[in-house]
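Engineer: all I have is the shape, not the residue letters:
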């Protein structure tokens, strides 16, 4: 399982937005327990401009995590083994990464001082801008999104190794802008992070929903 040791686990709430050139397309709230449980809620809109709320709950213990579609009142149980299989396909090496890294100075994002870095991946024609801080654990994004398909070609550890090779200290991204060749640029912006106690019932499954056991390909 891909969990943080409870001794070092961040406990609190992260609130963020996902935007494209057309504006904000989703609001994100991730909650983390001291034991390592994670719950991520994404509020977006469907093709008919109707609100859609989806939730992923990732317990620190057990063999499965849960994808919840509130509009359909359905819970899909997915084995953590499916994530392990995906992780095995992430084979990129930080030692061989063909990157160009530009340090763009210090900037304040949502009240937090950050280091602004542009990473150009020459192998994949991808440009990623990161606004990094050491104030929060670097893996908060990965822990929240590990139950969804990110299409990663390089692991967190290997990415950190690559950045250190180019003289950049890895950290948590208060803001992240990703532009892939032929794609629409997307921006994740952290609006607020609070280190606060999170009640354990936050990570409980809702009652009255139908339950399905499956191994679907999670969608981003």
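Structural biologist: Ah, there it is. Please read all numbers here as calculations on a predicted model, not as lab measurements.

Engineer: could you point out which element follows the helix or strand of the chain with the lowest mean pLDDT?
Structural biologist: Using mean pLDDT, DSSP states H and E, helix 80-88 stands out as the lowest-scoring helix or strand of the chain, at a mean of 62. The helix or strand immediately downstream of helix 80-88 is strand 99-109, counting by DSSP states H and E.

Engineer: that next one - contacts with which helices or strands?
Structural biologist: Applying 3 or more Cβ pairs under 8 Å, 6 or more residues apart in numbering; DSSP states H and E, one finds that strand 99-109 contacts strand 112-121, strand 126-133. Quick note: C-beta positions are derived from backbone N, CA and C, even for glycine.

Engineer: the last one relative to strand 99-109, how many degrees between them?
Structural biologist: Between strand 126-133 and strand 99-109, the angle comes out at 40 degrees (axes from the mean of the first three to the mean of the last three Cα atoms, to 10 degrees).

Engineer: contacts for strand 126-133, please.
Structural biologist: Identification of contacts with strand 126-133 by Cβ atoms under 8 Å, 6 or more residues apart in numbering yields 104, 107, 109, 112-121, 168-181.

Engineer: and those residues, which are buried?
Structural biologist: Those of the contacts of strand 126-133 that meet the buried threshold are 109, 112, 114-117, 119-121, 168, 170-179, by 16 or more other Cβ atoms under 10 Å.

Engineer: ok, residue 110 to residue 171 distance?
Structural biologist: To residue 171, residue 110 is 15 Å away according to Cβ to Cβ, to the nearest Å.

Engineer: residue 103: how many residues sit nearby?
Structural biologist: Neighbourhood size, residue 103 [other Cβ atoms under 10 Å]: 12.

Engineer: same thing with residue 137?
Structural biologist: For residue 137, the number of neighbouring residues by other Cβ under 10 Å comes to 16.

Engineer: per-residue pLDDT of it, please?
Structural biologist: pLDDT, residue 137: 89.

Engineer: likewise for residue 120?
Structural biologist: 84.

Engineer: I'd say it and residue 100 touch.
Structural biologist: Yes. With contact defined as Cβ atoms under 8 Å, residue 120 counts as touching residue 100 (4.2 Å).

Engineer: check contacts around the closest residue in space to residue 51 that isn't next to it in sequence.
Structural biologist: Leaving aside its sequence neighbours, residue 51 sits nearest to residue 45 (Cβ to Cβ, 6 or more residues apart in numbering; 5.9 Å). Applying Cβ under 8 Å, 6+ apart, we find residue 45 in contact with 25, 51-52.

Engineer: out of these, which is most surrounded?
Structural biologist: residue 52 (15 neighbours).
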